[in-house]
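Trainee: Structural data only, the sequence is not supplied:
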């Protein structure tokens, strides 16, 4: 299971992000990119000491400042189910294709 797969599945879900400097951001994930840059909405920012709080309508967090992410367990379960379905579908497709499927060398009707 890839971290970006989890992040994409967690869109519009609540998420906690802790930065390397100790600040924490609680909000709903709006989007993420391949560098794990994150956009959150309805954010509550907590200082590193935990004694000050700010409410922000939205924020952008650069991926290389993230220490860890915490999401709901249901998101992880959903990703696991989707991966299981896609793996079984790939396995069934590989069995059906077998050898000598479309393409490959010679024996075709095309050409002079």
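Mentor: Good, I have the coordinates. Fair warning: this is a prediction, and the values are worked out from it, not measured in the lab.
Trainee: And for residue 25, the neighbour number?
Mentor: Residues lying near residue 25 (other C-beta atoms under 10 Å) number 21. C-beta: built from backbone N, CA, C; applies to glycine.
Trainee: Where does it sit, in terms of helix or strand?
Mentor: strand 24-32 (DSSP states H and E).
Trainee: Then residue 87?
Mentor: Going by DSSP H and E, residue 87 is in helix 73-97.
Trainee: so where's this protein uncertain?
Mentor: 1-2, 89-112 (pLDDT under 70).
Trainee: related to what we said a few turns ago, from the contact count, pick out the helices and strands touching the strand holding residue 25.
Mentor: Where contact means 3 or more C-beta pairs under 8 Å, 6 or more residues apart in numbering; DSSP states H and E, strand 24-32 is packed against helix 3-9, strand 14-19, strand 38-46, strand 53-61.
Trainee: Output those as TSV; include the columns distance to residue 68 and mean neighbour count.
Mentor: What follows is the helices and strands packed on strand 24-32, written out as TSV (distance: least, C-beta to C-beta, whole Å; neighbours: other C-beta atoms under 10 Å):
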stretch	distance to residue 68	mean neighbour count
helix 3-9	11	15
strand 14-19	5	18
strand 38-46	12	18
strand 53-61	12	13
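Trainee: Out of these, flag the one nearest residue 74.
Mentor: helix 3-9 (9.8 Å; C-beta to C-beta).
Trainee: got the contact list for that closest one?
Mentor: 29, 32, 34, 36, 38, 69, 71, 75-76, 78-79, 82-83 (C-beta atoms under 8 Å, 6 or more residues apart in numbering).
Trainee: still on that earlier bit, just checking: what are the partner strands of the strand holding residue 25?
Mentor: Strand 24-32 has the following strand partners under DSSP bridges: strand 14-19 (antiparallel), strand 38-46 (antiparallel).
Trainee: All set now, cheers.
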